[in-house]
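Chemist: sequence-free structure coming up:
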Ligand code: AR6
């Protein structure tokens, strides 16, 4: 399903993000950009070793990235303008600013996509796997952040036309669909 806000489509679907068709995809990485399991593993496997090689360069240059930040690499064998690697917060009970950090992941990723002229971007459900962020709060944070981001900008100069949330799990997809409906 999808909604349309300020000339931007915001959609939700179930699937593997590495098969999504569009300009840029976001990876839920770690601070060292080391590659790992979950969506990170899927993106590195599908894109090939060139992605890890560029992650190593970023590590050498700036020592990785902090939770909430983002960095761009090549997409390797994947047909995208690039991969945006962001690092979600590890859930520690909610008192450590986790929701604000998660919101920053979405904002910084969208900023990077716009700088590269992307017209479409896909996000996984950052932090809701190994990092254990509660799924409903993660969904509410992701959607409210993205809706606010799109609403605050002048659509005449915004290259982005599509923001897709790709849920790997049905329960996340259900939460996203229900929450998205509240913005209709
Ligand atoms: N496409 C879309 N979403 C996926 C895919 C896929 N192919 N595979 C898994 N997911 P996680 P995190 C979903 O654990 O919680 C890594 O090892 C998954 O169902 O990938 O941010 C990194 O290296 C879940 O909803 O990321 C870090 O060390 C969501 O992606 C750490 O995990 C995020 O789950 C980051 O943890």
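Modeler: Arrived safely. Computed from a predicted structure; not experimentally measured. Residues are numbered from 1 along each chain as shown.
Chemist: quick one: contacts of stretch 103-122?
Modeler: Here stretch 103-122 makes contact (C-beta atoms under 8 Å, 6 or more residues apart in numbering) with 17, 20, 22-26, 67-72, 81-82, 84, 86-88, 123, 126-127, 141-142, 144-146, 149, 158-166. For every residue, glycine as well, the C-beta is placed using N, CA and C.
Chemist: out of these, who's near the ligand?
Modeler: Near the ligand, judged by C-beta under 6 Å from any ligand atom, the entries from the contacts of stretch 103-122 are 17, 88, 126-127, 166.
Chemist: Which among these count as buried?
Modeler: 17, 88, 126-127, 166 (16 or more other C-beta atoms under 10 Å).
Chemist: residues from this structure in reach of the ligand?
Modeler: So the chain meets the ligand at 16-18, 28-30, 36-40, 42, 88, 124-131, 166, 168-169, 172 (C-beta under 6 Å from any ligand atom).
Chemist: Figure out the helix or strand that the closest residue to residue 20 other than its chain neighbours lives in.
Modeler: Distance criterion C-beta to C-beta, 6 or more residues apart in numbering; nearest residue to residue 20, sequence neighbours excluded, is residue 122 at 4.6 Å. Using DSSP states H and E, residue 122 falls within strand 120-123.
Chemist: What average pLDDT does the very next helix or strand once past that strand get?
Modeler: Using DSSP H and E, the helix or strand that follows strand 120-123 in sequence is helix 135-151. Across helix 135-151, the average pLDDT comes to 98.
Chemist: Name the residue closest to the centre of the protein, please.
Modeler: residue 123 (3.4 Å; C-alpha atoms, centre = their mean).
Chemist: who does it bridge with?
Modeler: residue 165 (DSSP bridges).
Chemist: Look up the pLDDT of it for me, please.
Modeler: With respect to pLDDT, residue 123 has a value of 99.
Chemist: Go ahead and confirm it touches residue 164.
Modeler: Yes: in this structure residue 123 lies within contact range of residue 164 using C-beta atoms under 8 Å: 7.1 Å.
Chemist: neighbours around residue 34, how many?
Modeler: Residues within reach of residue 34, counting by other C-beta atoms under 10 Å, total 14.
Chemist: Could you list the buried residues of stretch 43-56?
Modeler: 43-44, 46-47, 51, 54-55.
Chemist: Mind checking which of the residues you listed are in helices?
Modeler: 43-44, 46-47, 51, 54-55 (DSSP state H).
Chemist: got a markdown table for those residues, with pLDDT too?
Modeler: Below are these laid out as a markdown table (pLDDT from 0 to 100):
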| residue | pLDDT |
| --- | --- |
| 43 | 98 |
| 44 | 98 |
| 46 | 98 |
| 47 | 98 |
| 51 | 98 |
| 54 | 98 |
| 55 | 98 |
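Chemist: Could you dump those into TSV and include distance to residue 153?
Modeler: Output for those, formatted as TSV (distance: C-beta to C-beta, whole Å):
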residue	distance to residue 153
43	27
44	32
46	31
47	29
51	29
54	29
55	30
